[in-house]
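Colleague: output the structure for:
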Amino acid sequence: MTSEQRQKSLDMMSKVYGWEMSDGPGDYFAHTADQVFGEVWSREGLSIRDRRLLLFGALAQSGQIDVAEIQASSALANGELTPEQLEEISLFLCYYVGWPLGTKMHFMFGKVIDNHRKSQKE
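Modeller: Numbering: from 1, shown residues only. Okay, here's the model as predicted:
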C-alpha cells in the first residue's frame, strides 16, 4: 500500500468518524483502513449517510449496539442525521429486527442524543 493510498483510507476514516485518524500498527489496522474505508466506504453510488443507515440495520440485527453507538455519535456530529431521525430509525428497526433488538438501539440512541445535546450547550 502506498502512502498516498493509506492517506486516502485515513481521510475516509476521519470523515466517517468525525475525528482525525492517524495511521495504526499491524495488519488488522491496515486491512480495516485500506479495505473497509479505502475501498468499501469510498465507493461511488452511496453516500456516507446511506452506508451508515445500512450499517445501523446490520448492527441492530446482530445486536452490536456498542459499534452502533460509535456510528450514531458520528452521524450526529457530522450532521448526517438529526436526533429525531435516530429516534425514527430505532422505531423502524423494532419492526424489522424485532422489538428487543430495536429497543436496545432506541435506548442507546437516547443516550447518544443526550450526550450530543449536552455537548452542543457547552
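Colleague: secondary structure class for the residue most central in space within the chain?
Modeller: Note on the chain: the residue nearest the mean C-alpha position is Gln71, at 2.4 Å, using CA atoms, centre = their mean. Of the three states, Gln71 takes helix according to DSSP: H, G, I helix; E, B strand; the rest coil.
Colleague: how far is stretch 35-54 from where the chain is centred?
Modeller: With CA atoms, centre = their mean, to the nearest Å as the basis, stretch 35-54 stands 10 Å off its chain's centre.
Colleague: can you pull the buried residues of it?
Modeller: Phe37, Gly38, Trp41, Ile48, Arg51, Arg52, Leu53 (16 or more other CB atoms under 10 Å). Any C-beta I mention is one placed from the backbone N, CA and C, and that applies to glycine too.
Colleague: quick one on the thing from earlier: for the residue nearest to the centre of the chain, what are its contacts?
Modeller: Gln71 makes contact with Arg52, Leu55, Phe56, Leu59, according to CB atoms under 8 Å, 6 or more residues apart in numbering.
Colleague: so for it, what's the pLDDT?
Modeller: Looking at Gln71, its pLDDT reads 96.
Colleague: from Asp114, how far out is the closest residue to Ser22 other than its chain neighbours?
Modeller: Using CB to CB, 6 or more residues apart in numbering and skipping the chain neighbours, the partner closest in space to Ser22 is Leu10 (7.1 Å). Note on Leu10: its distance to Asp114, by CB to CB, to the nearest Å, is 30 Å.
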